[in-house]
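K.L.:
Starting from these lines, generate the structure:
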Amino acid sequence: MIKEWKVIDTNLSRGGWDWACIPIMDSEGRDIFVVQAERDGKRFVLRSEEKLVVFVQLERAIYEFALDLIP
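P.N.:
Just a heads-up that it's a prediction; the model follows:
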C-alpha cells in the first residue's frame, strides 16, 4: 500500500516541483517534518509534527498559489 504522503510527493514531482522533506528534532525532543518545494522561482517551506500533515499543507499552499495566477 502506498502511503498517502507518497501520492502527494509523486504529484509534486510530476508537476515539475523540486522538493525535499527532512525530519528534525525540536528543543523539546519532538520530531518535526520540514518540507520545501521549489519551481519557477517560487518556494514553499512548511513544517509539522506529522509527515502527512506537512505534505497536505504543501499541496494546499501550491493549489492556492496556482489559483491566484488565474485572472
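
K.L.:
I'd say Val54 and Ala37 touch.
P.N.:
No. Using CB atoms under 8 Å, Val54 makes no contact with Ala37, being 10.7 Å away. C-beta coordinates here come from the backbone N, C-alpha and C atoms, glycine included.

K.L.:
more neighbours, those two?
P.N.:
Ala37 (23 against 20; other CB atoms under 10 Å).

K.L.:
check which helix or strand covers Ala37.
P.N.:
Element membership of Ala37 [criterion: DSSP states H and E] is strand 31-39.

K.L.:
by contact count, what packs against that strand?
P.N.:
When contacts are defined as 3 or more CB pairs under 8 Å, 6 or more residues apart in numbering; DSSP states H and E, strand 31-39 packs onto strand 18-25, strand 42-48, helix 51-69.

K.L.:
Can you give me every residue that contacts Val35?
P.N.:
For Val35, the contacting residues are 19-21, 44-47, 54-55, 58, by CB atoms under 8 Å, 6 or more residues apart in numbering.

K.L.:
ok, back up a step: chain center to the strand holding Ala37, what's the gap?
P.N.:
The chain centroid and the centroid of strand 31-39 are separated by 5 Å under CA atoms, centre = their mean, to the nearest Å.

K.L.:
can you pull the buried residues of that strand?
P.N.:
Within strand 31-39, the residues that count as buried by 16 or more other CB atoms under 10 Å are 33, 35-37.

K.L.:
Can I get that strand as CSV, trimmed to CA atoms?
P.N.:
Provided in CSV are the C-alpha atoms of strand 31-39 (Å, rounded to 0.1, in the frame of the first residue of the first chain):
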residue,chain,number,x,y,z
ASP,A,31,10.1,15.1,15.7
ILE,A,32,9.2,17.8,13.2
PHE,A,33,9.0,17.3,9.5
VAL,A,34,10.1,20.2,7.3
VAL,A,35,9.2,20.1,3.6
GLN,A,36,10.5,22.5,0.9
ALA,A,37,9.2,22.7,-2.7
GLU,A,38,10.5,24.9,-5.4
ARG,A,39,9.7,25.6,-9.0
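
K.L.:
Right, I'll leave it there.
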